[in-house]
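Colleague: Quick one: sequence plus predicted model below, questions after.
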Amino acid sequence: MILTDSKDLELIRKAGEIDGYVLEELMKMVAPGVTTWEIDERAERLIREAGALPTFKGYRNFPCTICASINEEVVHGIPNKNRVLKDGDIISLDIGSTVRRTLNGAKDAGATGGKGKNRDYEDFIGDTAVTVPVGQISAKLEKLLADTQKSLYAGIKVCRAGATLDDIGGAIEDVALEAGYGIVREYGGHGIGYNYHEDPFILNYRSGSRTKLKPGMVIAIEPMFNLGGDRVRLKQDGWTVVTQDYKPSAHFEHSLLITEGDPEILTKRPSEVIA
Ligand code: MF3
Ligand code: CO
Ligand code: CO
């Protein structure tokens, strides 16, 4: 999407702000003994209290508000009442908030969202993720988390009008190469805004893509680094992506608004310091 209308900008900023604020609250909950289900329940409550909707819930039949992916789970883990966090785990929390504007006096949002004709509403969406330790984790895992976050910031840094998707992938890949991590290749960043997933698809490694960023574009960048190899597979539940070698994986994500200068990090958390 290219977003220039000032009222639209206000709503996409609001979605990002809610997303960042809720994620920070969820991070505070992470501790041994807590279930991913409890974190999910709180996520949904906080999003709705803030006046937004849980983007993931019902998206292609995904049943929950967040994706909670532990250790060898890369992304799209489904929260579960029986999944208890334990000391030494790492957990990726991924969350989406939708701010909905109803159109043409529509009372209730119908089934016609997006930016087409005959629509009843327009959605403005933020998507963000972090991976955090549960209790005490090993130095190796600490470094995996720090490096994956560092690659997100490195990718964000090159994002401005005129930069290419290859520039983003290159900046992220360089961080992984230095430490020898496997980069997940099947999943990546994406356009976002009026719809949850939009073009372009943004790879987390050098692809040679000459596609250029334009002012007003909203994109999500989301590197996934593995302690082992880059191969992943989908579990029987149809959602959870795990590493093929069962080594741990980390994932960080932000939604950004592209400008002529530094990008605006829409999903920045209240206490986040961008290094
Ligand atoms: N949030 C993931 C992403 O960053 C996608 C989650 S799919 C869903 O692209 F169904 F869980 F919503
Ligand atoms: Co995303
Ligand atoms: Co996400």
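Modeller: Here it is on my side, so go on. Ligands and ions are numbered 1, 2, ... in the order given.
Colleague: Give me the contacts around the helix or strand of the chain with the lowest mean pLDDT.
Modeller: One helix or strand of the chain scores below all others by mean pLDDT, DSSP states H and E: strand 198-202, with a mean of 93. By Cβ atoms under 8 Å, 6 or more residues apart in numbering, the surrounding residues in contact with strand 198-202 are 1, 165, 168-169, 188-192, 209, 211, 219-221. Where C-beta positions appear, they are placed from N, C-alpha and C, glycine not excepted.
Colleague: quick one: which of those is nearest residue 154?
Modeller: Lowest distance from residue 154 to these (Cβ to Cβ) belongs to residue 168, with 9.0 Å.
Colleague: Can you classify the closest one by secondary structure?
Modeller: For residue 168, the secondary structure call by DSSP: H, G, I helix; E, B strand; the rest coil comes out as helix.
Colleague: what sits against it?
Modeller: With contacts taken as Cβ under 8 Å, 6+ apart, residue 168 has the following neighbours: 155, 158-159, 189, 202, 221.
Colleague: cool, and residue 73?
Modeller: Residue 73 makes contacts with 92, 240-242, 249, as judged by Cβ under 8 Å, 6+ apart.
Colleague: From residue 154, how far out is the single nearest residue of the stretch 151-275 of the chain relative to ligand 3?
Modeller: Residue nearest to ligand 3 within the stretch 151-275 of the chain: residue 253 (4.8 Å; Cβ to the ion). Plainly put, residue 253 is 14 Å away from residue 154 if you go by Cβ to Cβ, to the nearest Å.
Colleague: circling back: tell me the bridge partners for the residue of the stretch 151-275 of the chain closest to ligand 3.
Modeller: Partner residues in beta bridges with residue 253, using DSSP bridges, are residue 129.
Colleague: Thought residue 96 was touching it, still the case?
Modeller: No - distance between residue 253 and residue 96: 9.9 Å, which falls outside the contact criterion (Cβ atoms under 8 Å).
Colleague: if I look at those two, which residues touch both of them?
Modeller: Contact criterion Cβ under 8 Å, 6+ apart; residues bridging residue 253 and residue 96 by contacting each: 127-128.
Colleague: neighbour-wise, which of these two wins?
Modeller: residue 96 (30 against 25; other Cβ atoms under 10 Å).
Colleague: Can you give me every residue that contacts that one?
Modeller: Residue 96 sits in contact with 19, 54-56, 59, 125-128, 196, where contact means Cβ under 8 Å, 6+ apart.
Colleague: Counting neighbours, which of those residues end up buried?
Modeller: Among the contacts of residue 96, those scoring as buried are 19, 54-56, 125-128, 196 (criterion: 16 or more other Cβ atoms under 10 Å).
Colleague: For the residue of the stretch 151-275 of the chain closest to ligand 3, give its distance to residue 155.
Modeller: If you measure residue 253 against residue 155 using Cβ to Cβ, the figure is 10 Å.
Colleague: For these two, list the residues in contact with both.
Modeller: With contacts taken as Cβ under 8 Å, 6+ apart, the residues that reach both residue 253 and residue 155 are 189, 221.
Colleague: ok, and what's touching stretch 47-63?
Modeller: Contacting residues not belonging to stretch 47-63 are listed as 14-15, 18, 21-22, 43-44, 64-67, 76, 78, 94-100, 125, 127, 196, 239 [Cβ under 8 Å, 6+ apart].
Colleague: near ligand 1 at all, it?
Modeller: Yes - contact between stretch 47-63 and ligand 1 is present through 56, 59-60, 62 (criterion: Cβ under 6 Å from any ligand atom).
Colleague: tell me the two of the residues you listed that are most distant?
Modeller: Among the residues of stretch 47-63 next to ligand 1, 56 and 60 lie farthest apart (Cβ to Cβ), at 9.2 Å.
Colleague: Near ligand 2, list only the ones from the contacts of residue 168.
Modeller: Among the contacts of residue 168, no residue lies close to ligand 2 (Cβ under 5 Å from the ion).
Colleague: Sounds good, over and out.
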